[in-house]
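S.K.: Curious how this folds, go ahead:
(chains A and B)
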Amino acid sequence: MWPTSYAKRVASDLESWVEKGWVSADNAPNILASLNKEDAPSKLPVVITVLGAVLIGFSAMAFVAANWADMSKGLRLGILGLAMWSAYGAAAFLHMRNQVAFTEAAFVVGVALFGANIMLIGQMYHLPQDFPAGLLAWSLGGLVTAWAVQSRAALAATQLLLMGWTMAVISEGDIHLMYLLPWAVAALLAFRLDWGPAKHLALIGLIVWLLGNSPNLAENLGWGPIELLAVLSSLFGLIWLAGIAGEERQQPFARALQGYAAITLLVMFWVGHVVDEGFEDGAGYLIPALSVVALLAASVFAFARASIFAPQDIIALATFPVGILLSGALTTSDGDVPLILTAPLLLALCVWLVTLGTRLHNRFLINLGFAAFGGEALYLYLETFGTLLDTAAFFAIGGILLIAGGFVWERLRRRATATQSEATS
Amino acid sequence: MSQTRILIGIAIAVLFQTALLGQMVWAQITLLNSPTEVVLKTTPVDPRDIFRGDYVILNYEISAFDRNKVPIADGLESGDDAYVLLNTQGSTAEPLEVLAAAPSDLRQGQALIRGRVNYVLRDEMTPNGSDCEDCPSIFISYPIDSYFVPEGTGTELEKYRDERALGVVVALNEEGDAAIKGLMIEGEKIYDEPLF
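M.R.: Numbers count the residues shown, from 1 in each chain, chains lettered A, B, ... in the order given. Below is the predicted model of the structure:
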């Protein structure tokens, strides 16, 4: 069943389309009738089935953790090994019966039981807790399965495991370049299967890797958080530009690129304007400044080439790294951050995001801009007024302000998204 | 995908995963079958791993060395492999020397265990910069620092923490790789790990 709101909107639009002669009066009832048909396959059973498979995987891990002393090592390994083979056997059987969702769930169970077996062997032979090695072995098993049977669910599980692997390596203080190899193999399969969620996971995996490695890289380079955030902001500004350019060429993943870049930039700016550290001794402005210049040059180039790009976008994109650098430069040795300057900058960037989303007909950017504005306003409220009131008054006034603010904000947000919807219709 | 292709794919996945698991088991069994066996003194601490259950962390006496008592190779840094030469002629193995590389051959009554340098103290300073005249000079961890036990039994082993009566029977190969074969309390074997 289509969502009621969608059906209502199409019904109202149809009247206007019939009047304009775009849709014949004879076809309009057929279009409406198709909306109410239940022939569109629901994805809910697939989701529920795969979640069930994940639970079975956790159950196997708990079985391992229980360490049944009454059972010999061989028997324990035999049970989990047999369960793993059975899962793949079940997948083969279900595939032959065209049970796509259950086949995918069986593959997830197979990959999960493979991981449980790795843990079991570690437990049986008292191997040390080596998360990176264990996660790598598990990921490789998942990756081979995903490629061999072209399974979407196994691919998604593998992408998550790979992210866990790289974070485990990074948490030991290493710069982890090896991640890129299995990541690329998984990303290739995501595009081969042409499956949106796996493409998103590939992009998220790359961002996680990039952000995860950057503190270790910064430490090696002698950079502090400000220099690092400024350079990363320039980099994500470039990624955003690539997304905008891709959208003009109607490339399918361009919007996702913009969305992830926007989220990352906002988070980095927020961190940059609250971190109570200035520039590290010995670190300079040179590389961050060069990164800003590169971003500005790319923005100007994009402005010249892409018609959907506006001059204020150049200023806004450069404001992300420049604002962070400004915050670092003005932070005092006592750790006092110049919120009075940088907070309005962040709020202005949120407003720009809403206007950009409206111009690009990108509802996600509009909502993100509103959410970030509200979040920053809340942060400023807590930072500036909270300490002046006693607890009761603080919460009471805060509650009233939030309810009122939320009401007004939601009205504004709806108005903006409605304007955007009208523009697209 | 055609049915033949998916069946071949499943066969590849199962074979790959089974081979990987088999290799892990085989490597441990080969190590446990090594003829070199030593007993290392240890103190246990009882924690829990959410995925693998209860275990005791084994703090070995050969985890920390004072360079005034045991010779330590120059140039060892955090993260390096370190090889500890052991005298195995007593009831428990005693450290002879900390080396940066495995020796080409071992004498009768000697064994080698490989660990990783956690950190090195220089000029009698702790990592946080405070003075420490009696602190060990180097800290080494080994891939045998976890002993998994049935749920709830870790505290039984932990009570030997202060008595220093717990020994771990360790199998070693010529490269210094180690695997736990069993536990001893006051010279008596209380756990003997079966291969299967």
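
S.K.: Point out where the chain drops to low pLDDT.
M.R.: All of this refers to chain A. Residues of chain A meeting the criterion pLDDT under 70: A:1-5, A:36-43, A:64-70, A:278-283, A:335, A:384-399, A:401-402, A:406, A:417, A:419-425.

S.K.: Can you look at chain B instead?
M.R.: B:46-52, B:122-136, B:160-164.

S.K.: In stretch A:122-140, which residues are buried?
M.R.: By 16 or more other CB atoms under 10 Å in any protein chain shown, the buried positions in stretch A:122-140 come out as A:122-127, A:132-140. In short, each C-beta sits where N, CA and C put it, glycine included.

S.K.: Now, the residues you listed that are in helices?
M.R.: A:122-124, A:132-140 (DSSP state H).

S.K.: circling back: for the buried residues of stretch A:122-140, which one is nearest residue A:89?
M.R.: residue A:138 (20.6 Å; CB to CB).

S.K.: Which residue would you name as the spatial centre of chain B?
M.R.: residue B:144 (2.5 Å; CA atoms, centre = their mean).

S.K.: Now do the strands in chain B.
M.R.: B:36-45, B:48-49, B:53-60, B:64-65, B:81-87, B:94-99, B:110-120, B:138-141, B:146-148, B:166-172, B:178-185, B:188-192 (DSSP state E).

S.K.: Same list, the ones you listed, but as a markdown table with distance to residue A:270 please.
M.R.: As requested, those are exported to a markdown table (distance: least, CB to CB, whole Å):
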| stretch | distance to residue A:270 |
| --- | --- |
| strand B:36-45 | 40 |
| strand B:48-49 | 35 |
| strand B:53-60 | 39 |
| strand B:64-65 | 43 |
| strand B:81-87 | 42 |
| strand B:94-99 | 48 |
| strand B:110-120 | 35 |
| strand B:138-141 | 38 |
| strand B:146-148 | 40 |
| strand B:166-172 | 50 |
| strand B:178-185 | 48 |
| strand B:188-192 | 53 |
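
S.K.: So for residue B:18, which of those strands sits nearest?
M.R.: Of these, nearest to residue B:18 by CB to CB is strand B:178-185, at 21.9 Å.

S.K.: CA atoms only: put the closest one into PDB for me.
M.R.: In PDB, the C-alpha atoms belonging to strand B:178-185 read as follows (Å, rounded to 0.1, in the frame of the first residue of the first chain):
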ATOM      1  CA  ALA B 178      53.600 -19.900  22.500                       C
ATOM      2  CA  ALA B 179      50.300 -21.700  23.300                       C
ATOM      3  CA  ILE B 180      48.800 -22.500  26.700                       C
ATOM      4  CA  LYS B 181      48.700 -26.300  27.400                       C
ATOM      5  CA  GLY B 182      47.500 -26.200  31.000                       C
ATOM      6  CA  LEU B 183      47.500 -24.700  34.500                       C
ATOM      7  CA  MET B 184      49.500 -25.700  37.500                       C
ATOM      8  CA  ILE B 185      48.900 -24.800  41.200                       C
END
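
S.K.: And for residue A:169, the neighbour number?
M.R.: 23 (other CB atoms under 10 Å in any protein chain shown).

S.K.: so it touches residue A:176, yeah?
M.R.: Yes - with contact defined as CB atoms under 8 Å, residue A:169 counts as touching residue A:176 (4.3 Å).

S.K.: that older thread, mind putting the strands of chain B into JSON lines with mean neighbour count and distance to chain A?
M.R.: As requested, the strands of chain B are exported to JSON lines (neighbours: other CB atoms under 10 Å in any protein chain shown; distance: least, CB to the nearest CB, whole Å):
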{"stretch": "strand B:36-45", "mean neighbour count": "20", "distance to chain A": "12"}
{"stretch": "strand B:48-49", "mean neighbour count": "14", "distance to chain A": "6"}
{"stretch": "strand B:53-60", "mean neighbour count": "22", "distance to chain A": "4"}
{"stretch": "strand B:64-65", "mean neighbour count": "18", "distance to chain A": "18"}
{"stretch": "strand B:81-87", "mean neighbour count": "21", "distance to chain A": "15"}
{"stretch": "strand B:94-99", "mean neighbour count": "18", "distance to chain A": "20"}
{"stretch": "strand B:110-120", "mean neighbour count": "19", "distance to chain A": "10"}
{"stretch": "strand B:138-141", "mean neighbour count": "21", "distance to chain A": "8"}
{"stretch": "strand B:146-148", "mean neighbour count": "21", "distance to chain A": "5"}
{"stretch": "strand B:166-172", "mean neighbour count": "24", "distance to chain A": "9"}
{"stretch": "strand B:178-185", "mean neighbour count": "22", "distance to chain A": "4"}
{"stretch": "strand B:188-192", "mean neighbour count": "12", "distance to chain A": "10"}
